[in-house]
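Next input, structure requested:
(3 chains)
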Amino acid sequence: MSDTITQQPPKHARRVKAEKPASLWSDAWYDLRRNKVFLIGSVLALILILMAAFPSIFSHINAYDPATCDLKTARRGITGEHWFGTDNLGCDTYSRVIYGARVSILVGIITTVITTVVGGGMGLVAGFFGRWSDVLLSRVAEIFFAIPPILGALLILSVIGRDNAGIGTVVMALGVLYWPLLLRIMRAAVISAKNQDFVVAARALGASSGRIMIRHILPNAVAPVIVTATLNLGAFIAAEAGLSFLGVGVQSPTISWGLMISDARPWFLAQPEPLLFPALFLSITVLAFVMLGDAVRDALDPKLR
Amino acid sequence: MTNPSVDTHLLPADRSAEPLLAVDNLHVEFKTRQGLVRAVNGVSYSLSAGETLAVLGESGSGKSVTAQAIMGILDMPPARIPKGEVRFHGTDMLRLSEEARTQIRGQRIAMIFQDALSALNPVFTVGWQIAEMFRVHKGMSKKQGYAKAVELMERVRIPAAKQRVHDYPHQFSGGMRQRIMIAMSIALDPEVLIADEPTTALDVTVQAQIMELLAELQRESNMGLILITHDLGVVADVADKIAVMYGGRIVEHALVHDVYASPAHPYSKGLLESIPRVDLKGQDLYAIKGLPPNLLDMPTGCAFHPRCPYRRDNCVTDVPPLYEISGTRSSACHYFREVLDGTSG
Amino acid sequence: MGRYALRRLLQAIPVLVGTTFFIFVIVYALPGDPIQALGGDRRMDPVIARALRDKFGLDDPLLVQYWHYLTGIFSGNFGTTFRGVEVSSIFAGKFQVTLQLALTALVMEAIIGVGLGLWSALRRGRWQDQFVLAVTLLLVSIPPLVMGFVLQLWLGVKFKLGTGIELVPVAGIGAGEKSYLLPGFVLATTSIAYLTRLTRTSLMETLRSDFIRTAVAKGMPRRRVLGRHALRNSLIPLVTYLGADLGALMGGAVITETIFNLPGIGLQLFQSVYLRENTVVVGIVTVLVLIYVVANLVVDLLYAVLDPRIRYE
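Numbering: from 1, shown residues only, chains lettered A, B, ... in the order given. Okay, the predicted model is just below:
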């Protein structure tokens, strides 16, 4: 174990990485560009983001225009005109699925950004300053951590009421429940970075707390946070669909895959298309972000491979 | 030298000229993401019963990898042994089946590791771990195994062994843990004991006690001891022979007092001069310049040339063979005579 | 052990108080009058409204109301709905359904997840390992919402119509134990994927540790090295994951029960959300959160039993 060569070259490589954050990132980027999982994931994610931003590129039918729904052609199967069939109101499932991407992507990205900034920021404070700020923040986080996310979100959203429900409330509910996870991860990473020699050295050389925190600790602690944030993105998208399915998420007329699944449910065994297609897109979207998260984790934390 | 308990079917060729253990032209390489690492490049040494061989070198010199190859505990892959033999009583163990090797490991060749805390299983009591040797290899009952464990713990002088047999590794001090490790390794009276940096993780005073214990156990049982270390100071009192390794090769092989009297390789010389000595108090401590070689990108010629004060042009191009100086001594330096003479370059 | 257990128990108290207070505050401190909501669109008779407000103590200070709520929980009294039904009576019978569902999921998770994880760890880097990793990627990506409906359609309709065989019931609990198989699997999918990966990394990490090399150096046969030395150590994180997951599964049952029409507290929760019966929602969420917290506590204590390093801290 003193000098097992199996471990040694990577150990050296990793030590170099830890000391120079720049090379960690360029190493990670080098790994990522060669990772098929990452490439597939990012292509899928890009298409979905495009879909969310400009649904009209993908569908000539505006799903928000009620005039495009025709009860006479309700619950039709797949036809040349309606690629994914029509739902019980005669609306085109394909265009609705395309327009539904927006809610998923928005909820996923906004919640990820908010939880990362809030949770990560608090984790940085708790880990860096320690003492009472750590005790206080960690205890509060523990409380929110002890609530299963779907239940907590269900509770918050059902109380807020369906009349106010929308992307904002879903983001808020998920954010309230998920920030502690980011706090924990950032806190642990900061504490381990804080004890590394180069930070101790910087402190000994008289660098200010703020400078040490921003220049030395943050770049070294941010990797696990990014990994978790990416993996969370998929989870948020799935959670939004689940909450909308349960009736506490976004509300009609907003189009959401979870809502579409819920709406199509009564006729689902006879005519599955209006349920299966949003379900398929939901799964692909989650898959895309999980793939990204997986690849980022592999690149940033080779130990876990 | 020949052990009466040698299984004849396992080791048919009992050549009487063969030493107890012989490593012959051993090569070990590792496939890593960065490239092929040649960790051991043609190492040869031998060991007789009752003899102590010290293998000296920095981390990365290949000394531990050689030991692991002898034990057969390298992870393959990524490790590979493209060439070489490890003969035990004349039989090349590298060609034995895994079952046959399992029979030798632990029972006839045992090993002690550097960090006993991580080398002992944290979730089993030390008694369980020692008793396991008897239960698995000798088919003893749990009770017999524990009785043997207590005996062994007393033999390595662990106080209150009877009570402590049910304690977990983390409840012992570093020195006591290493004693447990030693007790476990000598449980079945092995013929060869390999101690891989057994004292590196310990306090200086405890180091001396452990070395003393090892020497004493060796005298009692006449086993061959391979002592792997980077600390020349540890070696002087216990070792008979020294093999100095650098960059995966043996650079000097000699009797211990010869090396102390006059090293025949610039690297051994550097190591000797960097030991703090009482008689030279007040002088600057010598340090070998430069860094250990990068195994992925070994220097051409002699691996030591970038750090060598005796370097000449051909050191950069020609790999020095292991020159035989006398029957017991060899050096892998083109200019070993100058080193022996002490004329510094 | 004793001190560790005590410390862990003491640590759980602020968490329990905190979570219940959080639930309580959300429901009671937010704007909107539950009594008015009870009347729906009609205006409620002020006298009746007054009486109801007194009865439920709605005008007491927040902390007093919280105290009533908290003491109620610990005496098994979750209050009554504004319509006068005891919340605890709503749980009766439903709780077992959810527990059985969660346990079914847990068993599947343990068998499939640990099995796949061990299998792929021992075949590290080979195609079997890659395959298992790809499967976990898919399982993580398919939300129970999707998995539930797809399996219901395939097994309940397509397969049954095609072959005439009903493999497993796809709705309700009419068929007893068997009814829980499919919903249990759907509920377990994400956890199966996580557990597979956790098992894989845990075993691989253990196999890299020094004490495994020691066991090999001791001449232990491979079977023993894996079965006794490696497994015992890699089991620790798995058991803790499984234990904590029981609480999570019960909490996550709401979607699965809704899809499969299982009359558990999850389905009740869904219906109560729909009917805006906040007392029932709060009661159910409180119970489930308590289960979750207690499950985590038990797991921490279990951890000490499994890992002597913690036991003697």
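
Show me which residues of the stretch 101-250 of chain A are close to chain C?
With CB under 8 Å from any CB of the partner chain as the criterion, the stretch 101-250 of chain A meets chain C at residues A:139-140, A:142-144, A:146-148, A:150-152, A:154-156, A:158-161, A:234, A:238, A:241-242, A:245-248. Every residue, glycine included, has its C-beta placed from N, CA and C.

List the ones among those residues that fall in helices.
Of those, the ones assigned to helices by DSSP state H are A:139-140, A:142-144, A:150-152, A:154-156, A:158-160, A:234, A:238, A:241-242, A:245-246.

Emit the PyMOL select command for whichever of those residues are buried.
Typed into PyMOL, the line below selects the buried ones among those, using 16 or more other CB atoms under 10 Å in any protein chain shown:
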select buried, chain A and resi 140+142+143+144+150+151+152+154+155+156+158+159+160+234+238+241+242+245+246
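
Let me know the secondary structure of the spatially most central residue of chain B.
Centroid-nearest residue in chain B: B:Ile228, 3.2 Å away (criterion: CA atoms, centre = their mean). Under DSSP: H, G, I helix; E, B strand; the rest coil, the three-state class of B:Ile228 is strand.

Do I have it right that it meets B:Gln68?
No: taking contacts as CB atoms under 8 Å, B:Ile228 lies outside contact range of B:Gln68: 10.2 Å.

From B:Asn294, how far off is B:Arg307?
13 Å (CB to CB, to the nearest Å).

Hmm, I typed the wrong one, I wanted C:Leu70.
65 Å.

burial measure for C:Val282, as a count.
C:Val282 sits with 24 neighbouring residues when counted by other CB atoms under 10 Å in any protein chain shown.

How about the contacts made by it?
A:155, C:23-24, C:27 (CB atoms under 8 Å, 6 or more residues apart in numbering or on different chains).

Pick out the most distant pair among those residues.
Comparing every pair within the contacts of C:Val282 by CB to CB identifies A:Leu155 and C:Phe24 as the most remote, at 10.7 Å.

which residue packs closest to the most centrally placed residue in chain A, ignoring adjacent ones?
For chain A, A:Leu233 is the residue whose C-alpha lies nearest the centre (CA atoms, centre = their mean; 0.8 Å). In this structure, A:Leu233 finds its nearest non-sequential neighbour in A:Phe289, 4.3 Å apart by CB to CB, 6 or more residues apart in numbering or on different chains.

Please verify my assumption that the one you found contacts A:Ala229.
No: the pair A:Phe289 and A:Ala229 does not pass the contact test of CB under 8 Å, sitting 10.3 Å apart.

who's more crowded, these two?
A direct count of neighbours by other CB under 10 Å for A:Phe289 and A:Ala229 places A:Phe289 higher, at 29 against 24.

mind listing what the closest residue to chain C within chain B touches?
Among all residues of chain B, B:Gly106 sits closest to chain C, at 2.9 Å; criterion: CB to the nearest CB. The contact partners of B:Gly106, by CB under 8 Å, 6+ apart, come to B:133, B:137, B:185, B:188, B:190, C:217-220.

from those residues, which is closest to B:Lys83?
C:Ala217 (23.6 Å).

close enough to count as contact, the closest one and B:Ala110?
Yes: with contact defined as CB under 8 Å, C:Ala217 reaches B:Ala110; the gap is 7.1 Å.

Tell me if C:Ile173 really is in a helix.
No: using three-state DSSP, the secondary structure at C:Ile173 is coil, not a helix.

what's the least confident helix or strand in the chain, going by average pLDDT?
Defaulting to chain A. When the helices and strands of chain A are scored by mean pLDDT, DSSP states H and E, helix A:8-19 comes last with a mean of 39.

that's the wrong chain, I meant chain C
Lowest mean confidence among the helices and strands of chain C (mean pLDDT, DSSP H and E): helix C:34-39, at a mean of 54.

On the three-state scheme, the residue in chain C positioned nearest to chain B is what?
Of all residues in chain C, C:Gly219 sits closest to chain B, at 2.9 Å by CB to the nearest CB. Recorded secondary structure, C:Gly219: coil (three-state DSSP).
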